[in-house]
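>>> predicted structure and sequence below. I'll ask about it afterward.
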Amino acid sequence: MHDAIAALVRDGDTVAIEGFTHLICFSAGHEIIRQGRRDLTLARLTPDLIYDQMIGAGVARKLVFSWMGNPGVGSLHAIRRVCEGDAPTLELEEYSHFGMVARYTAGAMNLPFFPIRSYFETDLPRANPLIRTIASPYGDGEVYAVPPLKPDVTIVHAQRADANGNTQVWGLLGCQKEAAFAADRVIVVVEELVSEDVIRADPNRTIIPGLIVDAVVVEPFGAHPSYAQGHYDRDNRFYLEWEAISREPATLDAWLDEWVHGVPDRAAYLEKLGAERRAALRPSASAPSGSVDYGEYR
Amino acid sequence: MHDAIAALVRDGDTVAIEGFTHLICFSAGHEIIRQGRRDLTLARLTPDLIYDQMIGAGVARKLVFSWMGNPGVGSLHAIRRVCEGDAPTLELEEYSHFGMVARYTAGAMNLPFFPIRSYFETDLPRANPLIRTIASPYGDGEVYAVPPLKPDVTIVHAQRADANGNTQVWGLLGCQKEAAFAADRVIVVVEELVSEDVIRADPNRTIIPGLIVDAVVVEPFGAHPSYAQGHYDRDNRFYLEWEAISREPATLDAWLDEWVHGVPDRAAYLEKLGAERRAALRPSASAPSGSVDYGEYR
Amino acid sequence: MTFSRSEMMIVAAARELRGQRVCFVGVGLPNIAVNLAKLTVAPDLELVYEAGVFGARPARLPLSIGDPTIVTGATAVTSMFELFGFYLQGGLIDVGFLGAAQIDRFGNLNSTVIGEYATPKTRLPGSGGACEIAINARQVFVIMRQSKRSFVERIDFRTSPGNLGGKDGARVRREQGWLGTGPSVVVTDLGVYNFDEDGEMRLDSLHPGATIEAVRDAMAWQPKVSPTLTETAPPSDDELRLVRESLDPEGIYTK
Amino acid sequence: MTFSRSEMMIVAAARELRGQRVCFVGVGLPNIAVNLAKLTVAPDLELVYEAGVFGARPARLPLSIGDPTIVTGATAVTSMFELFGFYLQGGLIDVGFLGAAQIDRFGNLNSTVIGEYATPKTRLPGSGGACEIAINARQVFVIMRQSKRSFVERIDFRTSPGNLGGKDGARVRREQGWLGTGPSVVVTDLGVYNFDEDGEMRLDSLHPGATIEAVRDAMAWQPKVSPTLTETAPPSDDELRLVRESLDPEGIYTK
């Protein structure tokens, strides 16, 4: 991870660590903090704890998002501190969920805009002048357009990939595929590195081809405290604890010192977390997908 | 199949039997011919032999398409006969592959148009005035728009579904999903009816939810002479034979009499085709996808 | 059995789902209400989770909208592009649930900021999928606890359009080609509101123990009251048992 | 070994792929040429099949562009929306192959109709993905057999744009934001053409046995000829063996 972030994430970049509640690559975010990147534009539908940590650590100057909260718990206090009141220091560029998905899709498709039926009669286009109307060329009214989002770097966590970066995911898919195709550089972080044969046995399961991947990093539990379907559960205790940790700059800094700056890498973080806590997050039983037959055609 | 077509396909409908070379539902096309539907608008990227047969049988007044040929072999002569020369009797509405995919996608998404970077400096917008330019609201030029395509009925062949119509496909996906979501009514025809548990074991494999499906028909080999990945191969011999059959109205009519009007249903067609020919189309060996683990979360 | 105001609110919301077919589910109160409805008044209800899951069979109460338990054993998992594009914008959702920090008498909702947008007093989560649900779901049900701070004369920011300025709401929606007809029910901890022909909230049912005075004290405008105002039937023992034993055994949302 | 004109054409096309990375594959001649290149001059070439397959490992020569043998054992299978939207329009394709019924001196192609569009003499297949490849693939290679009927002064219908009117082609592409720079090579059964600074085809190499007279007899305009015109190296025994034994053992495309 150290080498991937060092080589591929630069000061001032637009970075998207995607994953809708599922497969959020906390380990990449922590490495970005450790390496002291600055002036990043962070893009994500739901900033979640990872961007609260990164923005609390001072890596970003701007946030592009659609829903800012600690899901099921409460607020992202580090972000709120820098965007509330008279002198906000974090620039916000705000859309809705579908608006963000549409932006990545336009980026992936090299389109100058994507049309959607959102934003009618809301204050969002006033708050964000990049949300614009566009008339249908068939004379049947107007819809809204959002501009393409092309991150410099997209970071995707996944269950598995081969050494060439051919990546497979199951469970919630979010918009990782769109965000990866839209990006200039792609880092894939996986629970498990598998042989090419495993990927080739089920080509319909591949969501990102190695063709667009610049680095593959193997880091089991790299999405903790979010989750990886079939590997581990969301660590809800941490999401609840974050409410108190993030409420004050001092407690936030102490947490960053202990859990990010205080550990050299993900392996050390996991050791600190403890085997027992990790074990408690494992699924209670396996739930196999079953196998389908592609057939040999010679 | 008889009941599904009788109930859901009406004279004058726009019908899409989709599937890009894979999973083309010939059995539904034959049943539409047998029931004598008229004035249909047939939509499909590649009309393939099935629309050549249907148009040869006189069910259609219009064809919406992007590539008209017998793939890897030659021409669709029945269609050419009614659209060449001084007095064409079949109306054509012509796009490119991506244009057709974009049209279904706009239909599925309830968008008034879909923007794409095709058609620049070609004669296609002149040939089809529904292909129009649209300016980006961000001042960076023009792209082309295509209008939504919302079939009255979309017919999809698939490897398997449950009784509620939750449908799973592997191998080439074409644009069946988009065409199904765009349609008012959906008929799913499957190689195999499976229990709900089989579908629920691998929810990422589901491409069409039962929610939008109006009828599930179980007809193994219903895509012959096209193919179903893992079940049977394309019957290339028939694609080659079609060149001669379709070249003259008399041979075409004789073929329709024998293979469509002359059999009551798909079972009879398959018996006529013979067990040996069917067996020869089976894959030479199985190629299992392998199973992934979704994990139990209690 | 005795019951809390939150329990009454959930039960009342669940009952409103009778006869509905496809429901867009967020986490928290709507999740419990929808699952209660499926177990009682609407067994055929199909649930579509915002995270991209159709036909979920959660083995436990989902803690977040993307809990892995809604994936395992579901009928279909889709990308968010498809979920928002094909299911929601495509018109397949009959009912979407929304909550907010502020609501006005016409059902317009604010979940973005309190104060000025550029320099907010309180930065709220923002739209997420809310503005899309408000525009594209065929109907919108609102669940919110009442207070003078939340039921306001003027919302600070319109995140999700309701009936707009009232009378003109339906016309604007129609002319702009929205699939949604807007909010049809608001369920609070005090009562149930529907919307009258002017697109304004009207109190139709008071929960047991609530009074019109209590309702007036918990909102910033004088509410219209139905001439046939009724009392909400209290939660049945069955309803309460389901909520307490199956849907929220730890009382996270219902205390 | 002796060889046919089709074999020479395939081998010459394969050699042009040296140094290329990602190739969009149609079936037939391009398929054989691309697979030959992968076995010889371009082992790292990545193939993207129009039907939605990336990293195919066909166990036999695919009979159609959607043959099941390109799916089994492939790296990825995608919907056509993604294939055309993310891979092609998104700019990932370095080389696309095209053929056509007619080509003009600027590499503009017709695969739609011979005669008038509304009342055609011959109805051809139409664009399929051809116009998209012509616009979005970074470069286009054309493979076509030459004849006066196919190498024409004026094409009847422009299905796939090449260098447009010649000199202005590059400017128009740039101004309209196309990712593709247009056709760079035309390989025929008689020779290999590149395009000069005016965007016009120029004969750069004659296949063994072909003459400039034969070339002129097989096209409707007077072709520009490179001052350094060379003779194409004949297919090597290795190249021929691969084509005959592995890629087209039944001689479907190469006879």
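The structure has been received and is ready for your questions. Numbering: from 1, shown residues only, chains lettered A, B, ... in the order given.

>>> low-confidence stretches in the stretch 151-255 of chain C?
C:255 (pLDDT under 70).

>>> which residue ranges form the helices in the chain?
I'll assume chain A. Here chain A has its helices, by DSSP state H, at A:2-8, A:26-34, A:48-56, A:77-83, A:97-108, A:124-127, A:176-182, A:196-200, A:236-245, A:249-256, A:266-273, A:275-280.

>>> was after chain C, sorry
C:5-15, C:29-39, C:80-82, C:130-136, C:169-175, C:212-217, C:237-241.

>>> can I get these in TSV including mean neighbour count?
Bear in mind the C-beta positions are built from the backbone N, C-alpha and C, glycine included. Below are those laid out as TSV (neighbours: other Cβ atoms under 10 Å in any protein chain shown):
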stretch	mean neighbour count
helix C:5-15	24
helix C:29-39	24
helix C:80-82	24
helix C:130-136	29
helix C:169-175	15
helix C:212-217	14
helix C:237-241	16
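
>>> make CSV from those helices and add distance to chain B to it.
Listed next are the helices of chain C as CSV, based on distance: least, Cβ to the nearest Cβ, whole Å:
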stretch, distance to chain B
helix C:5-15, 21
helix C:29-39, 15
helix C:80-82, 8
helix C:130-136, 8
helix C:169-175, 14
helix C:212-217, 38
helix C:237-241, 20
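
>>> closest to C:V192 out of those?
Of all these, helix C:5-15 sits nearest to C:V192, with 5.5 Å by Cβ to Cβ.

>>> how about residues contacting the closest one?
Defining contact as Cβ atoms under 8 Å, 6 or more residues apart in numbering or on different chains, one finds that helix C:5-15 is touched by C:3, C:29-30, C:32-34, C:36-37, C:40-41, C:97, C:141, C:143, C:145, C:185, C:187-190, C:192, C:205, C:207-208, C:232, C:234-235, C:239-240, C:243, C:253-255.

>>> can you check the pLDDT for A:M109?
Here, the pLDDT recorded for A:M109 equals 98.

>>> would you check that it makes contact with D:Q89?
Yes. With contact defined as Cβ atoms under 8 Å, A:M109 reaches D:Q89; the gap is 5.3 Å.

>>> okay, the two: which has more neighbours?
A:M109 (27 against 23; other Cβ atoms under 10 Å in any protein chain shown).

>>> show me the longest strand that occurs in chain C.
Of all segments of type strand in chain C, defined using DSSP state E, the longest is strand C:224-231.

>>> buried residues in that one?
Buried residues in strand C:224-231, counted by 16 or more other Cβ atoms under 10 Å in any protein chain shown: C:K224, C:V225.

>>> other SSEs contacting it?
Applying 3 or more Cβ pairs under 8 Å, 6 or more residues apart in numbering or on different chains; DSSP states H and E, we find strand C:224-231 packed against strand C:201-206.

>>> list the strands paired with the strand it packs on, with their directions.
strand C:191-195 (antiparallel), strand C:224-231 (parallel) (DSSP bridges).

>>> what's next to the last one, contact-wise?
Residues external to strand C:224-231 that are found in contact with it (Cβ under 8 Å, 6+ apart): C:N194, C:D196, C:E200, C:M201, C:R202, C:L203, C:D204, C:S205, C:L206, C:H207, C:P208, C:I212.

>>> C:G191 and C:P208 touch, don't they?
No. At 10.3 Å, C:G191 does not count as touching C:P208 under the criterion of Cβ under 8 Å.

>>> who touches the closest residue to C:Y117 other than its chain neighbours in this structure?
Nearest residue to C:Y117, sequence neighbours excluded (Cβ to Cβ, 6 or more residues apart in numbering or on different chains): A:A127, at 5.0 Å. Going by Cβ under 8 Å, 6+ apart, A:A127 touches A:E94, C:T112, C:Y117, C:F157.

>>> okay if I get those residues as CSV plus neighbour count?
Output for these, formatted as CSV (neighbours: other Cβ under 10 Å):
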residue, neighbour count
A:E94, 22
C:T112, 30
C:Y117, 17
C:F157, 25
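
>>> identify, from the residues you listed, the entry nearest to B:E271.
Comparing the contacts of A:A127 against B:E271 with Cβ to Cβ places A:E94 closest, at 63.3 Å.

>>> and the closest one, how far from C:P208?
41 Å (Cβ to Cβ, to the nearest Å).

>>> ok, C:K167 next?
To C:P208, C:K167 is 34 Å away according to Cβ to Cβ.

>>> if we can go back for a sec, so which of the strands paired with strand C:201-206 is nearest A:H30?
Closest among the strands paired with strand C:201-206, using Cβ to Cβ: strand C:191-195, at 47.1 Å.

>>> dump the closest one to CSV, keeping only the CA atoms.
Extracted C-alpha coordinates of strand C:191-195, given in CSV (Å, rounded to 0.1, in the frame of the first residue of the first chain):
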residue,chain,number,x,y,z
GLY,C,191,-51.0,11.9,14.5
VAL,C,192,-51.5,11.2,10.8
TYR,C,193,-51.8,13.9,8.2
ASN,C,194,-53.0,13.7,4.6
PHE,C,195,-53.0,16.5,2.0
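
>>> got the contact list for A:N236?
Shown in contact with A:N236 (Cβ under 8 Å, 6+ apart): A:G72, C:L63, C:S64.

>>> list the contacts for the closest residue to chain C within chain A?
Chain A approaches chain C most closely through A:T21 (2.6 Å), counting by Cβ to the nearest Cβ. Shown in contact with A:T21 (Cβ under 8 Å, 6+ apart): A:46, A:48, A:71, A:172, A:174, A:226-227, A:234, C:51, C:64-67.

>>> one more pass at 10 Å, please.
Shown in contact with A:T21 (Cβ atoms under 10 Å, 6 or more residues apart in numbering or on different chains): A:45-46, A:48, A:71-72, A:171-172, A:174, A:226-227, A:234, C:27, C:50-52, C:63-68.

>>> also C:G128?
A:45-46, A:65-69, A:71, A:96-98, A:100, C:26, C:50, C:65, C:111, C:159-160.

>>> the same query, at a cut-off of 8 Å, please.
C:G128 neighbours (Cβ under 8 Å, 6+ apart): A:L45, A:T46, A:S66, A:W67, A:S96, A:H97, C:E50, C:S111.

>>> about what we covered before: which neighbours do C:G191 and C:P208 share?
With Cβ under 8 Å, 6+ apart, C:G191 and C:P208 have common neighbours C:T232.

>>> more neighbours: those two, which one.
More crowded of C:G191 and C:P208, by other Cβ under 10 Å: C:G191, with 28 against 12.

>>> next one: the longest strand of chain C to chain centre, how far?
How far strand C:224-231 lies from its chain's middle: 21 Å, per Cα atoms, centre = their mean, to the nearest Å.

>>> do the same with stretch C:232-247
With Cα atoms, centre = their mean, you get 19 Å for stretch C:232-247.

>>> not counting sequence-adjacent ones, nearest residue to C:V71?
Among residues not flanking C:V71 along the chain, A:G171 sits closest, at 4.8 Å (Cβ to Cβ, 6+ apart).

>>> contacting residues around the one you found?
For A:G171, the contact set (Cβ under 8 Å, 6+ apart) comprises A:H22, A:L23, A:A228, A:Q229, A:G230, B:N204, B:Y294, C:P68, C:V71, C:V77.

>>> alpha carbons of the longest strand of chain C, as CSV, please.
Extracted in CSV, the C-alpha atoms of strand C:224-231 (Å, rounded to 0.1, in the frame of the first residue of the first chain):
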residue,chain,number,x,y,z
LYS,C,224,-55.9,22.4,9.1
VAL,C,225,-57.9,19.8,10.9
SER,C,226,-60.2,17.3,9.2
PRO,C,227,-63.9,17.7,10.1
THR,C,228,-63.9,13.9,10.5
LEU,C,229,-60.9,13.8,12.7
THR,C,230,-60.5,10.4,14.2
GLU,C,231,-58.4,8.7,16.8
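
>>> what's the domain layout of chain A?
Here the domain parsing of chain A from automatic domain parsing is A:2-99+A:152-281, A:113-146.
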